[in-house]
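Novice: for reference, the sequence and a predicted model appear below.
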Amino acid sequence: MLSLSLLLVLIVVCALAFDYINGFHDTANAIATVVSTRVLSPRSAIIMAAVLNFAGALFSTHVAITVASGLVDTTHFQLADLRHPALFVARLQKPAEPVSRYLVEHFSPATRQQLGQYLAGGAPSPELRGALVAELNQILTRRDLYSPERFAGIALRPKTVAKAESAATLKPDELASLNRVLLEKAYPQELDSNQQVFQVVILAAILGAIVWNLITWKFGIPSSSSHALIGGLCGAALIHGGLPSVLWGGIVQKVLVPLVGSPAMGFVIGFLLMGAIFKTLAHVHPGRVSATFRHLQIGSAAAMAFTHGLNDAQKSMGIITMALLSARLISEPVVPTWVVFSCAVAMALGTSVGGWRIIKTMGHKIIRLEPVHGFAAETSSAIVLFVTSHFGMPVSTTHVISGSIFGVGTSKRLSAVRWGVAQSMVVAWVLTLPAAGLVAAFFYELLLHLGI
């Protein structure tokens, strides 16, 4: 198996590659309308989008923190984490040291009974090992595990001690991560660290997302890079550790609800904004309206490019931060500065390449766009992306701009939207999460088979 440090290097390289691919895959999100309405030339639009993607990526890390700690459980104990079950049970049967006494005191009566029935020297039964794993996962939620007396003689980093002393104020995910580290330090021979194996999960997730992105880019399908990454992460985590490995509350609140809500918000805002513009400027000469909105659309496209970087570049930031967190190189889900900057650069470089196949779908096939329509769609999308980024929701910019374009087109008349294209796009959206998850699960098994 590759060393932990080499796995981390691979993850960082692949995450930056994903960010680069995300840039050229999703360039259309920011500039399709401004190009299709001929307000800016493709070259000028791409330069603007690249610069503003870079700026947006530096603005916030709320979404990155959600990806790093709110979707997948990096601390959950599994059967495989009992490296030497017999040694662990022997220490718990006759608890001589304070940590073992603490654990046994907080075990359920049923587990203590199974410990008493264990015959020294034999292999613990599957039932006993399962009970111990369940008990350890309960211990992860306790705020009183650490005390200076209990962990006297156990080598702990000063940062770990400082964090343990403030356990009462920690968030649940931070507390679980801390307690996992404490238990690994207390039982270095008996409990296996999940640092190395979880890097394989993260690497498989990125590879699954990259492959799905390339497939959809090849065929010009405006699928979601964000959901490809999240689907890949869930798929790899599920095959690694089963249902408990995924934080389903975070997936529902931060992914599935925005999956439906963000394009719906884009649709509604686009519909209302376009309707308001029609009503306000109904008596103004069409040529004058078009000339005015040709200038205004540059500003709306700029806002869209900025918010694309604001939301999308943070996905890779979150993945790298998750890898550093699960490797115990950082003690809390805070994105390091070098991660923010490198992801911003990768996103900007990818954007500079452009995704012309998807631009054609976004800018021409849904509706015939004029500058006023482009302005309304981009402004609506920027509003949605600002709001969702503020609340740390890793939404799809593709979904948002598509929903906004649908809303703008519908405000004109239902027949203005090519609903056949809309149907095929929705199918691609629905397929992205499970498809990327399956690809990531395949890569997880492949990486294990190759000994990585």
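Specialist: Structure's in. What do you need?

Novice: confirm residue 324 sits in a strand?
Specialist: No: remark: residue 324 does not belong to a strand; assigned using DSSP: H, G, I helix; E, B strand; the rest coil, it is helix.

Novice: residue contacts, it?
Specialist: Contacts for residue 324 (CB atoms under 8 Å, 6 or more residues apart in numbering) come out as 8, 330, 336, 339. For the C-beta atoms, the positions are set from N, CA and C on the backbone; glycine is no exception.

Novice: what's the neighbour count on the last one?
Specialist: The one in question is residue 339. By the measure other CB atoms under 10 Å, the count of residues near residue 339 is 25.

Novice: secondary structure element for it?
Specialist: helix 337-353 (DSSP states H and E).

Novice: mean confidence for that helix?
Specialist: For helix 337-353, the mean per-residue pLDDT is 89.

Novice: same question, stretch 429-446
Specialist: 90.

Novice: same question for stretch 171-191.
Specialist: 90.

Novice: try stretch 3-20
Specialist: pLDDT averaged over stretch 3-20 gives 90.

Novice: per-residue pLDDT, residue 162?
Specialist: In this model, residue 162 is scored at 92, pLDDT.

Novice: quick one: it from residue 325, how far?
Specialist: For residue 162, the distance to residue 325 (CB to CB, to the nearest Å) stands at 17 Å.

Novice: can you tell me how far residue 96 is from residue 117?
Specialist: The spacing between residue 96 and residue 117, counted by CB to CB, is 20 Å.

Novice: whoops, residue 398 was the one
Specialist: With the distance defined as CB to CB, residue 398 ends up 57 Å from residue 117.

Novice: next one: residue 155
Specialist: Distance, residue 155 to residue 117, by CB to CB: 34 Å.

Novice: swap in residue 224?
Specialist: 52 Å.

Novice: hang on, isn't residue 408 packed against residue 270?
Specialist: Yes: Residue 408 is in contact with residue 270 according to CB atoms under 8 Å; the separation is 4.4 Å.

Novice: which residues do those two both contact?
Specialist: 376, 377, 380.

Novice: the second one is in contact with residue 405, isn't it?
Specialist: Yes: the criterion here is CB under 8 Å, and residue 377 meets it with residue 405 at 4.8 Å.

Novice: more crowded one of these two?
Specialist: Each of residue 377 and residue 405 has its neighbours counted (other CB under 10 Å); residue 377 has more, 35 against 29.

Novice: name the nearest residue to the more buried one, sequence neighbours excluded.
Specialist: residue 404 (4.2 Å; CB to CB, 6 or more residues apart in numbering).

Novice: quick one, what contacts the one you found?
Specialist: 266, 267, 269, 270, 376, 377, 378, 380, 381, 384.

Novice: recalculate using a threshold of 6 Å.
Specialist: Applying CB atoms under 6 Å, 6 or more residues apart in numbering to residue 404 gives the contacts 266, 270, 377, 380, 381.

Novice: is the second one in contact with residue 407, as I believe?
Specialist: Spelled out, that is residue 270. Yes: contact between residue 270 and residue 407 holds when scored by CB atoms under 6 Å: they sit 3.1 Å apart.

Novice: more crowded one of the two?
Specialist: When neighbours are counted by other CB under 10 Å, residue 270 comes out ahead of the other of residue 270 and residue 407, with 30 against 26.

Novice: quick one: that one is in a helix?
Specialist: Yes: secondary structure of residue 270 (three-state DSSP): part of a helix.

Novice: distance of it relative to residue 376?
Specialist: Shown here: residue 270 relative to residue 376, a distance of 6 Å by CB to CB.

Novice: common neighbours of the two, please.
Specialist: When contacts are counted by CB under 6 Å, 6+ apart, residue 270 and residue 376 have residue 408 as shared neighbours.

Novice: all helices for the stretch 301-450 of the chain, in order.
Specialist: 337-353, 356-360, 371-390, 397-412, 419-449 (DSSP state H, counting those that start in this stretch).

Novice: the stretch 51-200 of the chain too?
Specialist: Along the stretch 51-200 of the chain, the stretches classed as helices by DSSP H, counting those that start in this stretch are 62-69, 85-93, 98-106, 109-117, 126-139, 158-165, 172-186, 195-218.

Novice: out of those, flag the one nearest residue 388.
Specialist: Comparison of the helices of the stretch 51-200 of the chain against residue 388 by CB to CB identifies helix 62-69 as nearest, at 8.1 Å.

Novice: report the contact partners of residue 316.
Specialist: By CB under 6 Å, 6+ apart, residue 316 lies in contact with 15, 18, 19, 343.

Novice: please name the nearest non-neighbouring residue to it.
Specialist: residue 19 (4.0 Å).

Novice: got the confidence number for residue 196?
Specialist: As predicted, residue 196 sits at a pLDDT of 81.

Novice: show me the contact partners of stretch 116-134.
Specialist: Contacts for stretch 116-134 (CB under 6 Å, 6+ apart): 77, 79, 82, 85, 89, 111, 114.

Novice: likewise for stretch 98-107?
Specialist: Under the criterion CB under 6 Å, 6+ apart, residues 91, 92, 95, 135, 150, 186 lie in contact with stretch 98-107.

Novice: output that stretch as CSV, nothing but the C-alphas.
Specialist: Taking C-alpha atoms only, stretch 98-107 is exported to CSV below (Å, rounded to 0.1, in the frame of the first residue of the first chain):
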residue,chain,number,x,y,z
PRO,A,98,-7.4,4.8,33.4
VAL,A,99,-8.6,4.9,29.8
SER,A,100,-9.6,1.3,29.8
ARG,A,101,-11.4,1.7,33.1
TYR,A,102,-13.3,4.7,31.7
LEU,A,103,-14.3,2.7,28.6
VAL,A,104,-15.6,-0.3,30.5
GLU,A,105,-17.5,2.0,32.9
HIS,A,106,-19.4,3.5,30.0
PHE,A,107,-20.0,0.2,28.1
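
Novice: list the buried ones in it?
Specialist: 98, 99, 100, 102, 103, 104, 107 (16 or more other CB atoms under 10 Å).

Novice: kindly report the same for stretch 259-277.
Specialist: In stretch 259-277, counting by 16+ other CB under 10 Å, buried: 259, 261-267, 269-271, 273-275, 277.

Novice: deepest in the core, which of the helices of the stretch 301-450 of the chain is it.
Specialist: helix 397-412 (a mean of 27; mean count of other CB atoms under 10 Å).

Novice: and it, how far out from the chain's middle?
Specialist: Helix 397-412 sits 24 Å away from the centroid of its parent chain (CA atoms, centre = their mean, to the nearest Å).

Novice: hmm, back to that, nearest to residue 207, out of the helices of the stretch 301-450 of the chain?
Specialist: Of all those, helix 419-449 sits nearest to residue 207, with 4.4 Å by CB to CB.

Novice: what helices or strands is the closest one leaning on?
Specialist: Judged by 3 or more CB pairs under 6 Å, 6 or more residues apart in numbering; DSSP states H and E, helix 419-449 is in contact with helix 195-218, helix 225-241.

Novice: noted, bye for now.
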